[in-house]
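# The sequence isn't on hand, but the structure is:
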């Protein structure tokens, strides 16, 4: 076995599938890797190209999944630059490309148990970062040459970090058996800066809108984004299924309740929204309880292709918001306020938002009862939303949208001013949103109560009758239809 790249410390034998580490004492087997999962990508072992002015070659790749979520792996590519001996990791997630590399001699790093999503850590001259996710993962499979990686099947703790302007990082806490804690830093990058020798652009291939059959009722369910979809909820019978083998098979895991309301934007409906071609692929109803009263709102997941990935639409009592995911490092929470792009946003509300109903396809394993702590801050141009739960934090920016614009974008009749079923809040999906818990509805009830008190008072001051003949006129602003 030979190593052609100096930065590689391990290699997967293409014959026996064992991961072999290069040590001071020679070669040592680490463990056998599983077969690779078919994950589509323009990158592959041996692919050549140019990144700016530098030549590169894909030397290896590793496939990983999260503890507790087997069958939903992602992959990272080990890319070497032969002219300089440098290397980097490249990964693709939710429509964004990231490049990171190990930091030599990093500053003292906090222990995994000291971290929680949303907290900020200072890495000295490297800058301040926000903890985006804390979790555990394992190596599923690998191929080619690699730097130090955990032994196959070993579960390793990690923390993902977000910094301003697309900065990104990971603290890898090692496998406890030779791979030490390492800090990887880098950033999101524009795929157009890379040119592959094949001429193929560096973007995830546009998934063909195939279909799978519901394992319960047999209904045909189109999959718009099979490469990133993890869970599908049947729109016919409500059966919840996990996606296996990336769009080739559904495995039923339960059944959702029937819809409380029909979505305004139907699943599968295509539109042109603010210059982006989108298709509605998911619908969620979420709610929260405040002072004993239940508030609900509706959310629509829009797929915008392999580059822009996803948007959310939030519907709350006839009001609409367009929600765009932003990096956690671009939002700095400071007490009761937040700073986003240099602008200050004031705390508006914080509630525990729960999923009550869901249909469609989603890029995470959504389920009924899933809860997050949703906090919103209001300020210039809209609301900043911060949602934390299940070991991670998601941040987004929510902009008001006129119902007429939405109707035009999807070729639909104008949306209703509101829908029944109780007052709504507007925190949204995996992205978040914001509202004022149906202030208009509360105001109407306050006026009604005031009128009733006034009627009773007048009746008591009259001739001792029931008060119905006192000739009180209730004007159009206080009653009737």
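Alright, I've got the coordinates. Predicted model only: the values in this text are computed from it and were never measured.
# Strands along the stretch 301-450 of the chain, start to end?
In the stretch 301-450 of the chain, the segments counted as strands under DSSP state E, counting those that start in this stretch are 310-316, 319-326, 331-334, 337-340, 343-362, 371-379, 382-389, 392-401.
# what's in contact with the third one?
Among residues not part of strand 331-334, those counted as contacts by C-beta atoms under 8 Å, 6 or more residues apart in numbering are 118, 120, 130, 338, 339, 340, 384, 386, 395. For the C-beta atoms, the positions are set from N, CA and C on the backbone; glycine is no exception.
# ditto for stretch 337-354
Here stretch 337-354 makes contact (C-beta under 8 Å, 6+ apart) with 286-290, 326, 330-332, 336, 369-381, 383-384, 386-387, 397, 425, 427, 434, 436-437.
# Apply 7 Å and report the result again.
Around stretch 337-354, the neighbours that count as contacts under C-beta atoms under 7 Å, 6 or more residues apart in numbering are 286-288, 290, 330-332, 336, 369-380, 383-384, 397, 425, 427, 434.
# sorry, back to before: any idea which of the strands of the stretch 301-450 of the chain is most buried?
Across those, averaging neighbours per residue (mean count of other C-beta atoms under 10 Å) puts strand 310-316 on top, at a mean of 26.
# Quick check, pLDDT for the closest residue to residue 198 other than its chain neighbours.
Sequence neighbours aside, residue 47 is the residue nearest to residue 198 in space, at 7.3 Å (criterion: C-beta to C-beta, 6 or more residues apart in numbering). At residue 47, the predicted lDDT confidence score is 94.
# just checking, residue 47 touches residue 196?
Yes. When contacts are counted by C-beta atoms under 7 Å, residue 47 is listed as touching residue 196 (6.3 Å).
# picking up where we left off before, check the gap between the residue nearest to residue 198 and residue 60 for me.
Between residue 47 and residue 60 the distance is 11 Å, computed by C-beta to C-beta, to the nearest Å.
# follow-up on the earlier one: please identify which of residue 47 and residue 196 sits among more neighbours.
Between residue 47 and residue 196, counting by other C-beta atoms under 10 Å, residue 47 is the more crowded of the two (19 against 16).
# those helices in the chain, which residues are they?
All helices of the chain, identified by DSSP state H, fall at 305-308, 403-410, 439-460.
# between those helices, which gets the lowest average pLDDT?
Lowest mean pLDDT of the helices of the chain: helix 439-460, a mean of 42.
# okay, the contacts of strand 331-334 in JSON lines with pLDDT next?
Formatted as JSON lines, these follow (pLDDT from 0 to 100):
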{"residue": "118", "pLDDT": "90"}
{"residue": "120", "pLDDT": "91"}
{"residue": "130", "pLDDT": "94"}
{"residue": "338", "pLDDT": "94"}
{"residue": "339", "pLDDT": "93"}
{"residue": "340", "pLDDT": "93"}
{"residue": "384", "pLDDT": "95"}
{"residue": "386", "pLDDT": "95"}
{"residue": "395", "pLDDT": "93"}
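# Can you pick out the most distant pair from the residues you listed?
120 and 384 (15.7 Å; C-beta to C-beta).
# The closest residue to residue 112 other than its chain neighbours: neighbouring residues, count only.
Closest residue to residue 112 apart from its sequence neighbours, by C-beta to C-beta, 6+ apart: residue 157 at 4.4 Å. A total of 20 residues lie near residue 157 under the criterion other C-beta under 10 Å.
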